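Undergrad: This is a predicted model, with the sequence first.
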Amino acid sequence: MQTSTHTNTSLGFVMDPISEINVKKDSTFAMMLEAQRRNHVVFYMTQSDLFLKGDTVYANMSAVKVMDNSDKWYELEEAQVRPLHELSCVSMRKDPPFDMEYIYSTYLLELAEQRGCLVINKPSSVRSANEKLFTAWFPGCGPETLVTKDMARLKAFHEELKHIVVKPLDGMGGSMVFQVRENDANRSVILEAITQNGTQTVMAQRFLPEFKDGDKRILMINGKPFPHGLSRIPAEGESRGNLAAGAASEGRDLTKRELEICEIVGPKLKEMGLMFVGLDVIGDYLTEINVTSPTCIRELDTIYSANIAGLLIDEIEKELVGKAS
């Protein structure tokens, strides 16, 4: 792993309010700590701080000092309005939902990218790679899947497979994920609610009973996997393997099948400029590809005495050197 001595390199982070993060779990915070350790100037901003005037994207940004301390973890300098492209790199780390505001932000980031700023992940690719739908780009990796807002098709899919999971295409953290079991008396109510009476497109997948053993998060850095994943094991009586839904976590080595999935997916991620991505795998199946603000750096760092943010910033620094040459 490299140790940067760059003093003129500036890394900006577009994120949720820094005052509200959980420093023990926040992956963006891990990135900021590592960037600061390498003597990069770190800037903080939120989505609402971005704006376009004329043909230039600006941000109301603050230089930030971060400390790995749960009582006081940041100090902000006075905010300044600067063209976003003056920064060497900007990481878009705002959590979903991936709504129109998110899409507008990707347009602004893309304009800064065109002026020479490295944006992680590449904005046009973030727009193209819906975290649920993107799995369909990799045949054979995912379970049987249906994407539709037609309730008759959803019911037929359920009748064929007997036990399915339905979820919205723009959620995170297990929000609005439902199981529909065989002979489920609530099937119509669930499908009406999740499709908003047939007006909202959703994803349905075959239920994977292996979820009880853990929904594994695999972190991909420029197309290559960190060799251990974080298995999120559902809480008793819970049907979702999300830390936000109370799941326990356990570090596990990647299996042969998981490495195979990484080999299939990785080159496409790199080609698309999706430098930091979280794959979700249940059993032998890829269920989601998280491209917006994947997490689990701090948990895996703790378990394996690793520095995953360092691996990521290694890749960012290589890109910056390549752009400068």
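TA: In hand now; what should we look at?
Undergrad: Every contact and neighbour count from this point should use C-alpha atoms.
TA: Will do.
Undergrad: can you list the weak-confidence ranges in the stretch 201-325 of the chain?
TA: Applying pLDDT under 70 to the stretch 201-325 of the chain flags residues 237-246.
Undergrad: Please, where are all the helices along the protein?
TA: Using DSSP state H, the helices of the chain run over 27-37, 100-114, 123-128, 151-161, 187-194, 256-271, 297-304, 308-324.
Undergrad: looking at those helices, which is closest to residue 79?
TA: Closest approach to residue 79 among the helices of the chain (C-alpha to C-alpha): helix 27-37, 17.4 Å.
Undergrad: one step back: from the helices of the chain, which stretch is densest packed?
TA: Each of those was scored by mean neighbour count; the highest is helix 27-37, a mean of 22, by mean count of other C-alpha atoms under 10 Å.
Undergrad: Give me the contact list for that one.
TA: Residues outside helix 27-37 that contact it (C-alpha atoms under 8 Å, 6 or more residues apart in numbering): 11, 13, 15, 23, 41-42, 65-68, 93, 294-298, 309-310, 313.
Undergrad: let's go with 6 Å and repeat that
TA: Residues from elsewhere that reach helix 27-37 (C-alpha atoms under 6 Å, 6 or more residues apart in numbering): 295, 297, 309.
Undergrad: now those in a markdown table, with distance to residue 121?
TA: Shown next, in a markdown table, are the contacts of helix 27-37 (distance: C-alpha to C-alpha, whole Å):
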| residue | distance to residue 121 |
| --- | --- |
| 295 | 14 |
| 297 | 16 |
| 309 | 14 |
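Undergrad: thinking again about what came up before, please name whichever of the helices of the chain is nearest to residue 201.
TA: Nearest to residue 201 among the helices of the chain is helix 187-194 (8.7 Å), distances taken as C-alpha to C-alpha.
Undergrad: Could you pull up the mean pLDDT of that closest one?
TA: For helix 187-194, mean pLDDT is 96.
Undergrad: Report how many residues lie close to the nearest residue to residue 133 once chain neighbours are set aside.
TA: The spatially closest residue to residue 133, leaving aside those adjacent along the chain, is residue 169, at 7.4 Å (C-alpha to C-alpha, 6 or more residues apart in numbering). Burial measure for residue 169: 17 neighbouring residues, criterion other C-alpha atoms under 10 Å.
Undergrad: beta partners of the closest residue to residue 161 other than its chain neighbours?
TA: Closest residue to residue 161 apart from its sequence neighbours, by C-alpha to C-alpha, 6+ apart: residue 206 at 6.5 Å. According to DSSP bridges, the partner residues bridging residue 206 are residue 164.
Undergrad: burial count for residue 206?
TA: By the measure other C-alpha under 10 Å, the count of residues near residue 206 is 21.
Undergrad: That one against residue 166, yeah?
TA: No: with contact defined as C-alpha atoms under 6 Å, residue 206 does not count as touching residue 166 (9.0 Å).
Undergrad: returning to what we had before: so which of the helices of the chain is nearest residue 87?
TA: Taking the helices of the chain one by one with C-alpha to C-alpha, helix 100-114 is closest: 9.2 Å.
Undergrad: What count of nearby residues applies to the nearest residue to residue 230 once chain neighbours are set aside?
TA: Among residues not flanking residue 230 along the chain, residue 251 sits closest, at 4.7 Å (C-alpha to C-alpha, 6+ apart). If you count neighbours by other C-alpha under 10 Å, residue 251 ends up with 18.
Undergrad: Please report how far the nearest residue to residue 297 once chain neighbours are set aside lies from residue 151.
TA: Spatially, and ignoring its direct neighbours in sequence, residue 297 is nearest to residue 27 (5.2 Å; C-alpha to C-alpha, 6+ apart). Between residue 27 and residue 151 the distance is 38 Å, computed by C-alpha to C-alpha, to the nearest Å.
Undergrad: Equivalent analysis for residue 181, please.
TA: Distance, residue 181 to residue 151, using C-alpha to C-alpha: 16 Å.
Undergrad: Just give the closest residue to residue 295, not the sequence neighbours.
TA: residue 27 (5.3 Å).
Undergrad: could I get the helices of the chain as JSON lines with distance to residue 75?
TA: Rendered in JSON lines, the data for these read as follows (distance: least, C-alpha to C-alpha, whole Å):
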{"stretch": "helix 27-37", "distance to residue 75": "12"}
{"stretch": "helix 100-114", "distance to residue 75": "25"}
{"stretch": "helix 123-128", "distance to residue 75": "28"}
{"stretch": "helix 151-161", "distance to residue 75": "50"}
{"stretch": "helix 187-194", "distance to residue 75": "42"}
{"stretch": "helix 256-271", "distance to residue 75": "34"}
{"stretch": "helix 297-304", "distance to residue 75": "21"}
{"stretch": "helix 308-324", "distance to residue 75": "21"}
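Undergrad: That concludes my questions; thank you for your assistance.
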